[in-house]
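Asker: Model the following, please.
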Amino acid sequence: MSAAFTRGSRLTRTLACAAAVLLAWASATAAGEVRFTASVDQTTVGLGEQFQLVLSVEGEDMLSAPSPVLPALAAFEVLGRSSSQSTNISLIGGQLKKQATVSFIYVLAARQLGTAVIPAATLKYEGKEYQSQPIEMTVVKAAQGQATPMPGGANAPQAPSRIPLEGNLFLSVTPSRRTAYVGEPITVDIALCSRFQVENGGWAELPTFDGFWAEKVFEASRFDFERRTIEGRAFAVAELKKVVLFPLTAGEVTIKPMAFNVSVAQAPRDFFDMFGSSQTVRADSKPLALKILPLPEKDRPAEFTGGVGQFTLEAALDRTSTTNGEPVNLTVRVSGSGNVRMIDPPTIAPNPGLKILAAETKDDVHVTVDGARGTKTFRFPIIPQSDGRFELPPIAMAYFDPQARAYRRLASGPLAFTATASATIAPVTEASGLKVLGNDIAYIKPDVGVLASIPMDAPWWPNAMALASLGVAGLALGYRGHRERLESDRGYARKTRSTALVRRRLHQAEQLLKKRDERGFHAELSRAVLGYLGDRFNLDTHALTRDQLRAGLAERAVAPETIDAVLGIVDRCEVARFSPDDAGGRDLRALFDTVRDVLARV
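Answerer: The predicted structure is shown next:
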């Protein structure tokens, strides 16, 4: 009995200590209070060795945090920067608590030996200024081995296996060549390289290719990872985009860094974090420097029309004779690989007695990873102004071959045709006089009484067809505007798809209800409500507090009683998910019908 009593006393003291720790933690992170701390992955580094400085901002119901201001780092060099965010939801005393942590991760390298201090960084958040603690570093001659993992807790970057983001998650931008001539194609592969488990993502900084003509080859709609070894380490690599670039100007050209946001899956951290979590991480690429060479001025032919690659030339007339001034079409066809779309029409030498009109251009180009290949066709209408036999000089053009680093000249054979009756037609005469073509007079109608009555009003059907064509054109323009807005306006795209998505989610919730999966039913119902509100009003509902969600809906003219109903539904679903015993005995079908009624009012 005494031993059992002693064990019970120890258990009681342990529980009391745990409760005291939880109460102390809760009081330290009270609503509206922010913690700003600094940490490093090691305090002793070798000269020039990389290490990580992590500035963490932690607070309850915190939506986002501004970037902190780094102090002057005379003894260190900043090599890179990234950020991550995580949210932890817990149920304490029947109340939901949402704790957010934003980590700003800097990669530094030591510049000088000895003891150096990383001064305190500053953060301005909601009108208040916070400072992190300074950190003392020791810099030695030789590197001290591998960086030790960061200790767990709120100040550590939330990454699987606690490995650093730097070097383990990045965008790879790989060109097919780094030196090229103006107009010479460069294939650029953009891929996401990760050693983490990523779920979804989207562009944070879209690729821009200033100074290039860009032709898209491939753009991913989902991740398709394959295993590759990069610098001796295994990565999962997913291609995001592939483009072929044609340089427009010579010089040192830099493709700006691009960025891609991904959600990195997190393992559960404790018993209460049953489902784990995810954090949004930004993967950046490095700037890509390319050297673009100008086309040589020496030995440039006068027939050069801008082509860079390897091409052939064909020229032909569509007829060898014409009459009554009917035009003859000269077709010049340039085929091959290279910057086909950028080739200008060849110059046709003037010919007395002929009027050569401007060329009509048509191209048929296929872009692949090897560049662009196809045909560009120029059609010159030629109108004879007099009769006779006309001979066109050979059609010539030149292009630059980057492999041979020399200009090549192409020419067709001479082309000829004859023209007759091109001038105004003269009266036809015989040697003996005029030629009689018919009777002297032919009456149109001998009796005016048999003439039919012809209405003078215009028929109705051409006007109707014109109106119909205008309607079709209006619909086409409206649809094109709709598609363009879907691609450029995120809020419009979310609102457009909101109805279809909420119907699908409600259907899934109803299926879970039929299977008596109450936890899954409440989770899907909460996802349907918050997802519909977010899509409908372009709100990040999952990152908003209760008060922020209420304010956001009120700003968008949602009725107060509807807002109360929505918040009540969300609260009930959250309680049922995290504390299912509290939701027992309630009519789930009535809750489902209430959700449909409330969303219809929204």
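Asker: In the stretch 101-250 of the chain, mark out all the strands, start to finish.
Answerer: Here the stretch 101-250 of the chain has its strands, by DSSP state E, counting those that start in this stretch, at 114-118, 122-125, 128-131, 135-140, 169-175, 179-181, 186-194, 198-205, 212-219, 226-230, 233-247.
Asker: Mind putting those strands into TSV with mean neighbour count, mean pLDDT and distance to Leu513?
Answerer: Where C-beta positions appear, they are placed from N, C-alpha and C, glycine not excepted. Below are the strands of the stretch 101-250 of the chain laid out as TSV (neighbours: other C-beta atoms under 10 Å; pLDDT from 0 to 100; distance: least, C-beta to C-beta, whole Å):
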stretch	mean neighbour count	mean pLDDT	distance to Leu513
strand 114-118	14	91	55
strand 122-125	16	88	43
strand 128-131	12	89	47
strand 135-140	16	90	54
strand 169-175	19	92	39
strand 179-181	16	95	61
strand 186-194	21	93	37
strand 198-205	14	84	27
strand 212-219	16	90	39
strand 226-230	11	84	40
strand 233-247	19	90	37
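Asker: Looking at those, which is nearest to Leu55?
Answerer: strand 122-125 (7.7 Å; C-beta to C-beta).
Asker: What is that closest one packed up against?
Answerer: Contacts defined by 3 or more C-beta pairs under 8 Å, 6 or more residues apart in numbering; DSSP states H and E place strand 122-125 against strand 34-40, strand 50-60, strand 128-131.
Asker: Quickly run through the sheet partners of the helix or strand immediately after the first one in the chain, with directions.
Answerer: Okay, so that is strand 34-40. Per DSSP states H and E, the first helix or strand lying C-terminal to strand 34-40 is strand 44-46. When pairs are called by DSSP bridges, strand 44-46 turns out to pair with strand 135-140 (parallel).
Asker: about what we covered before: with respect to burial, which of the helices and strands packed on strand 122-125 scores highest?
Answerer: Neighbour counts (mean count of other C-beta atoms under 10 Å) averaged over each of those peak at strand 50-60, with a mean of 22.
Asker: which strands and helices sit next to that one?
Answerer: Partner elements for strand 50-60 (3+ C-beta pairs under 8 Å, 6+ apart): strand 34-40, strand 95-110, strand 122-125.
Asker: Would you single out the least confident of these?
Answerer: With a mean of 80, strand 95-110 has the lowest mean pLDDT of the helices and strands packed on strand 50-60.
Asker: mind checking how far the closest residue to Val367 other than its chain neighbours is from Arg178?
Answerer: Distance criterion C-beta to C-beta, 6 or more residues apart in numbering; nearest residue to Val367, sequence neighbours excluded, is Glu215 at 4.3 Å. For Glu215, the distance to Arg178 (C-beta to C-beta, to the nearest Å) stands at 19 Å.
Asker: Which helix or which strand is home to Ala65?
Answerer: Judged by DSSP H and E, Ala65 forms part of no helix or strand.
Asker: Repeat that for Gln508.
Answerer: Using DSSP H and E, Gln508 sits in helix 490-514.
Asker: before we move on, the earlier item: quick one: closest of the helices and strands packed on strand 50-60 to Gly202.
Answerer: strand 95-110 (18.8 Å).
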